[in-house]
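Participant: Provided below are the primary sequence and the corresponding predicted coordinates.
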Amino acid sequence: MQERRAVREAVAVPSSLTARRLAVPVVAAAVTVGDQASKTWALHHASPARHVIWTLWFDLTFNSGAAFGLGRGVTPLVEAGVFVVVAGLVVVGRRAAWGDRWPVAFALGLILGGAAGNLGDRFFRHVPRHPGAVVDFVAAARVGQHDWWPVFNVADSAIVIGVVVIAACYAVRRRADG
């Protein structure tokens, strides 16, 4: 009887590991759904530009390039690059969830969900006169007629937050190791 119990305990996957493995796809799905819902809202309600508070505006724009509008005119290359990144994040997310900590799994979910949300725009959201463009609508630093920061969306925010969390986790780990 004692041996069976020891074998079961050795083979069982710890519940925290199972939960951490689920964190990446669950967070990614939540970000993707939230991003697509907010973009649908923006398509119906953010044009013309609306002042929300202080320097925050909702202003519907379409980005056919990569981050910060770079790479306009090469939309097929941007789409292919994002597809490769999403595929790579799926692989990295599965591996990282096995051995890394909660913040890293959560951050990878944010990045994967943000990339999937923007990729969904490029492939599935067909906006007239803007094929392959991503819907952006948050102008967070608009003063007068000047934007001090590029217009972005929920997916962009998730990607940036995820990258910052991963960088912070690895900086802390490196300091502890070294």
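Facilitator: Perfect, thanks for sending it. Numbers count the residues shown, from 1 in each chain.
Participant: quick check: buried residues in stretch 112-131?
Facilitator: Using 16 or more other CB atoms under 10 Å as the test for burial, stretch 112-131 gives 112-122, 125, 130. Quick note: C-beta positions are derived from backbone N, CA and C, even for glycine.
Participant: narrow those residues to those in strands?
Facilitator: Among these, DSSP state E puts none in strands.
Participant: could these be laid out in a markdown table, adding pLDDT?
Facilitator: Formatted as a markdown table, those follow (pLDDT from 0 to 100):
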| residue | pLDDT |
| --- | --- |
| Leu112 | 92 |
| Gly113 | 95 |
| Gly114 | 95 |
| Ala115 | 92 |
| Ala116 | 94 |
| Gly117 | 95 |
| Asn118 | 93 |
| Leu119 | 91 |
| Gly120 | 93 |
| Asp121 | 94 |
| Arg122 | 90 |
| Arg125 | 90 |
| His130 | 88 |
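Participant: got the residues you listed as TSV, with distance to Pro76 columns?
Facilitator: Shown next, in TSV, are the buried residues of stretch 112-131 (distance: CB to CB, whole Å):
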residue	distance to Pro76
Leu112	22
Gly113	23
Gly114	21
Ala115	17
Ala116	18
Gly117	19
Asn118	15
Leu119	13
Gly120	16
Asp121	15
Arg122	10
Arg125	16
His130	15
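Participant: what's the closest of these to Gly71?
Facilitator: Arg122 (12.2 Å; CB to CB).
Participant: for Ala66, see how far away the closest one is.
Facilitator: 11 Å (CB to CB, to the nearest Å).
Participant: where do the helices sit along this protein?
Facilitator: Along the chain, counting by DSSP state H, helices occupy 2-11, 15-45, 75-99, 102-124, 154-177.
Participant: how about those, which one is nearest Thr61?
Facilitator: That would be helix 15-45 among those, by CB to CB, at 9.5 Å.
Participant: need the overlap of contacts for Arg122 and Ala66.
Facilitator: Shared contacts of Arg122 and Ala66, defined by CB atoms under 8 Å, 6 or more residues apart in numbering, are found at 78, 82.
Participant: how about the contacts made by the most centrally placed residue in the chain?
Facilitator: With distances taken as CA atoms, centre = their mean, Gly114 lies nearest the centre of the chain, 2.0 Å away. Neighbour list for Gly114: 31, 35, 154-159, 162 [criterion: CB under 8 Å, 6+ apart].
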